[in-house]
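[1] just a sequence and a predicted model for now, questions to come.
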Amino acid sequence: MPVNNTMLEQATSDYLLWMVSNGYSPKTMESYERVLKHFLVFISRREIAWSDIFTLDTMQNFQKGRSKATAHAVRGISRYLFQQNRIFRPIEKKECRLPEIYEQYLIYHSKIRQADDRRIKHIRRVLGPFHAHLKRANINLSTLTIEQIDAFSSEFNSRFAPQTRKLYRSYLRGFLSYLYHERKMLKKDLAPLVVGAPMFAQAKPPMFLRPYEVKRLYDRMDISSPTGLRTYAMLELGYKLGLRPKEICLITLDDISFREGELTLNDRKNTNPIKLPLPESTLKAIAAYVIGARPKSDHRVLFLGLKAPYGPITAAMVNHHLKIVMRKANLPSTAYWLRHTYAQNLLEAGASIYEIKEMLGHDSIESSRKYLHIHIKLMRKVLFDEEL
């Protein structure tokens, strides 16, 4: 048997044993084993060198005439071998690579802002067309002007909704700021000049839950399953502490002091670490999840997936599971409504806007003002002399 085939056969055996030790279901392992046997035959017949086995081209050729699901097994073993330092890189994802300056920015942004893959993909959607626009117009990054940027924004953003335009402008500002501050490529910081046209009468205050809606939400929580225990702990952190989904998914076991009843947040959006008191109900919810639902793992992140390989969850998963329980309670809300409700509760308790800013982890007081457009209890008390 050729050396490459022997190496691949051994790698497949090692990977399947790893799957067993990490709790993969028998059905998944049977499926992967079947696919990888076919993959071994495919590699053997074509006499593909070891260095060329785990590439996108090889996988796509193997997939021809087969189910798309075969990619999961091949990508899975490539990730395993990469983690074991047995191959130089896992199978890359199919995406058009941008010029080096853009790719370096995406790496920089990912590290500095702890941006997940989904956010990086969204930024890439803006930077790709931006690069293409500059290339068509024969414009060099080092000679960029705000007029040229506005011309691109006008063309690119025309088909998007106002909020999407705002988001895409922020992605562009991030890249321009990087070019000026980190790479010294621009003579002037153009980022602050990238703004949209004023929008009048379109301010929309964040939505929040009324007390009876909060009660309904808690009443519909089912904590009889591991998923329910995990979701309940997330709900407590969102409602009682006003944490963002991203902050919830980044909490580690080391951030929680059960003795002091405190949570340390080192990775806030504004980079300002803070210690928050943990209400007793929140502590109990976290403890119930850790004892009754959290998989045994070397990961220190608090919230883990409940299926093998039990990796850390993402902000999108926090959003997803909280949204499910909200739908069960017939609430048209999202995870961020919990944060808005927390802000309203602080306001009604007499907290100043500066205190609310600190508790929410906002960069500016103006960000906090958006959360506080409506103080229903105070308004009704003043207008109708009504106690709620």
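    Right, received. Where do you want to start?
[2] point out where the stretch 151-300 of the chain drops to low pLDDT.
    Residue ranges of the stretch 151-300 of the chain with pLDDT under 70: 197-206, 267-272.
[3] in it, which spans are helices?
    Using DSSP state H, counting those that start in this stretch, the helices of the stretch 151-300 of the chain run over 162-177, 211-219, 226-241, 245-250, 280-292.
[4] out of these, the one nearest residue 14 is which?
    Taking CB to CB, helix 226-241 is the member of the helices of the stretch 151-300 of the chain nearest to residue 14, at 29.2 Å. C-beta: built from backbone N, CA, C; applies to glycine.
[5] not counting the closest one itself, show me its contacts.
    214, 217-218, 221-223, 243, 245, 248, 251, 263, 276, 278-279, 281-282, 285-286, 288-289, 292-294, 303, 306, 318, 321-322, 324-325, 335, 338-339, 341-342 (CB atoms under 8 Å, 6 or more residues apart in numbering).
[6] quick one: buried ones out of those?
    In the contacts of helix 226-241, burial by neighbour count holds for 214, 217, 221, 223, 243, 245, 248, 251, 263, 276, 278, 282, 285-286, 288-289, 293-294, 303, 318, 321-322, 325, 335, 338-339, 341-342, counting by 16 or more other CB atoms under 10 Å.
[7] can you lay out the helices of the stretch 151-300 of the chain as TSV showing distance to residue 41?
    TSV is the format used below for the helices of the stretch 151-300 of the chain (distance: least, CB to CB, whole Å):
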stretch	distance to residue 41
helix 162-177	45
helix 211-219	53
helix 226-241	39
helix 245-250	41
helix 280-292	45
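[8] of those helices, which is nearest residue 90?
    Once the helices of the stretch 151-300 of the chain are compared by CB to CB, helix 245-250 is nearest, at 22.8 Å.
[9] just give me the residue right at the centre of the protein.
    When CA atoms, centre = their mean is applied to the chain, the residue found nearest the centroid is residue 315 (4.2 Å).
[10] residues in contact with that residue?
    116, 244, 245, 246, 248, 249 are the contacts of residue 315 under CB under 8 Å, 6+ apart.
[11] in this protein, which spans are strands?
    All strands of the chain, identified by DSSP state E, fall at 256-257, 262-265, 274-277.
[12] who does the first one pair up with?
    Using DSSP bridges, the strands paired with strand 256-257 in its sheet are strand 262-265 (antiparallel).
[13] quick one: the helices in the stretch 1-150 of the chain?
    Taking DSSP H, counting those that start in this stretch, the helices of the stretch 1-150 of the chain run over residues 3-21, 26-46, 50-53, 56-63, 70-83, 100-112, 117-136, 146-156.
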